[in-house]
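Student: kindly return the folded structure for what I paste below:
(chains A and B)
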Amino acid sequence: GEKVEQHESTLSVREGDSAVINCTYTDTASSYFPWYKQEAGKSLHFVIDIRSNVDRKQSQRLIVLLDKKAKRFSLHITATQPEDSAIYFCAASMSNYNVLYFGSGTKLTVEP
Amino acid sequence: AQTIHQWPVAEIKAVGSPLSLGCTIKGKSSPNLYWYWQATGGTLQQLFYSITVGQVESVVQLNLSASRPKDDQFILSTEKLLLSHSGFYLCAWSRTGEVFFGKGTRLTVV
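Tutor: Numbers count the residues shown, from 1 in each chain, chains lettered A, B, ... in the order given. Purely as a prediction, here's the structure:
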């Protein structure tokens, strides 16, 4: 089955800087790549997603890039704020969306 | 607006005892429903999905079972808990890919 690898287990940035989290996947059939945010002790909250028909998507301070050749996708958070501090999970699924494979999570700390 | 309600919020159960966790989705007809498990400090693993009432597909085998008795209800259960079942259980629903999670049930098996 699909394996999603999330490369940074922890990431620390200064407030106002950019943060980048990288993920790779193994199955070329994967076509949907969402990102989720989890604050301490809480559930997951959808952040942004990208589908394989595009290679870039932006929502306010969030940018997702997809490189299908390298089977790599990344989340860029610009102008970081302390409230961006959380664990971020990348995920991948196929076009039927039945199964979502998650990366291991990146703990992002934004220092004031 | 759609809402997802999970119960109970937390459980402490003994090894070998039965378990039943529930999830109800309101405001969305015929949703795709999912169960996920997160070990303490760990990643998320999908356990089951259901496209329609009465049909549940298993993704991983963890000595758990799931059922969908109604369109808006998803139940996770086992007859005998193991220590390894401890963790955070999340129910979720989706529309065209975007998955929305419930607040979760924290299970401690002692």
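
Student: going forward, measure contacts and count neighbours with C-alpha atoms only.
Tutor: Will do.

Student: can you get me a residue count around residue 88?
Tutor: Since you didn't name a chain, this refers to chain A. When counting by other C-alpha atoms under 10 Å in any protein chain shown, one arrives at 26 neighbours for residue A:88.

Student: you looked at the wrong chain, it should be chain B
Tutor: For residue B:88, the neighbour count with other C-alpha under 10 Å is 24.

Student: report pLDDT for the residue nearest to it when sequence neighbours are not counted.
Tutor: Excluding its sequence neighbours, the residue lying closest to residue B:88 (C-alpha to C-alpha, 6 or more residues apart in numbering or on different chains) is residue B:106, at 4.5 Å. For residue B:106, the pLDDT comes out at 96.

Student: what distance do you get for residue A:47 to residue B:53?
Tutor: Plainly put, residue A:47 is 29 Å away from residue B:53 if you go by C-alpha to C-alpha, to the nearest Å.

Student: give me the neighbour count for residue A:46.
Tutor: 16.

Student: direction included, what does the helix or strand of chain B with the lowest mean pLDDT pair against?
Tutor: Using mean pLDDT, DSSP states H and E, strand B:98-101 stands out as the lowest-scoring helix or strand of chain B, at a mean of 90. Under the criterion DSSP bridges, strand B:98-101 sits next to strand B:87-95 (antiparallel) in its sheet.
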